[in-house]
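[1] Dropping the sequence and predicted coords here.
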Amino acid sequence: VKHSVYTSNKPDENQESFERKKWAPKIEELYKNPNVRAYLNGIMHGETDPKNAAEGKNPTSSAKGYFQFLKGINKAIKDKYGYEGQNKDIAESAKAAIALMIDNGAADFIAKGDFEAADKRLKTVWTSLPGGKESNVKSDSIPQIRKEFLENKGEIKSVPGAKTYIPYEDPTNAKSTKNP
């Protein structure tokens, strides 16, 4: 019996589901980590327009959404991990961002709070991060956002225009604060 291989541009839903199940425990664990949430909020501060974060589209590229995923990177992360970065659901998009952090060898540094080591690995992915090519006043405040997020359990007060997109989750009792 001969078998033929059929290929399509359409993603294989079974493969996507398998990949998501395979990676979900690690990504869910990281998503609950306060250091990861602080880092995610910092990225969103540097990359998005707070007035339209979910829809935010970069006019000069295919970057879109909370974490400004490029179309090709979005597809690659969705194919490999099962999460979509250009999704309007903030949790789905954040989990895709975590998958991208894993892919770039930065997730464990972030989980431990070593943001400088993570920034070095991710500054070409999210160019508004400290040391990235889009460093500016907004990106210069990212370390302060991370610090305040952790110290004040999700509240960011001293950085103009900063907002908490993903709430703080207390690791001792797993209760979240509400989004402001």
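    Perfect, I can see it now.
[2] Can you name every helix or strand that the lowest-mean-pLDDT helix or strand in the chain contacts?
    The helix or strand of the chain with the poorest confidence is helix 137-140; it has a mean of 75 (mean pLDDT, DSSP states H and E). With contacts taken as 3 or more CB pairs under 8 Å, 6 or more residues apart in numbering; DSSP states H and E, helix 137-140 sits against helix 34-47. Every C-beta, even on glycine, is put in place using the N, C-alpha and C of the backbone.
[3] Distance from the chain centre to the helix it packs on, please.
    On the basis of CA atoms, centre = their mean, to the nearest Å, helix 34-47 sits 7 Å off its chain's mean C-alpha point.
[4] right, and the helix or strand after it?
    Remark: after helix 34-47, the chain's next helix or strand is helix 71-81, criterion DSSP states H and E.
[5] got the contact list for that following helix?
    With contacts defined as CB atoms under 8 Å, 6 or more residues apart in numbering, helix 71-81 is touched by 11, 15-16, 19-20, 23, 27, 62, 64, 69, 83-86, 96, 99-100, 102-103, 125.
[6] Generate a ChimeraX selection restricted to the buried entries among those.
    What follows is the ChimeraX syntax for the buried subset of these, where burial is set by 16 or more other CB atoms under 10 Å:
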select :16,19,20,23,27,64,69,83,84,85,86,96,99,100,102,125
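[7] Filter the contacts of helix 71-81 down to the ones in helices?
    15-16, 19-20, 23, 27, 96, 99-100, 102-103 (DSSP state H).
[8] Redo these as a markdown table? Include distance to Thr172.
    As requested, the ones in helices among the contacts of helix 71-81 are exported to a markdown table (distance: CB to CB, whole Å):
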| residue | distance to Thr172 |
| --- | --- |
| Gln15 | 38 |
| Glu16 | 35 |
| Glu19 | 32 |
| Arg20 | 28 |
| Trp23 | 26 |
| Ile27 | 21 |
| Ala96 | 27 |
| Ala99 | 26 |
| Leu100 | 28 |
| Ile102 | 25 |
| Asp103 | 30 |
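[9] Let me know the closest of the residues you listed to Lys57.
    Taking CB to CB as the measure, Lys57 lies nearest Ala96 of the ones in helices among the contacts of helix 71-81, at 16.5 Å.
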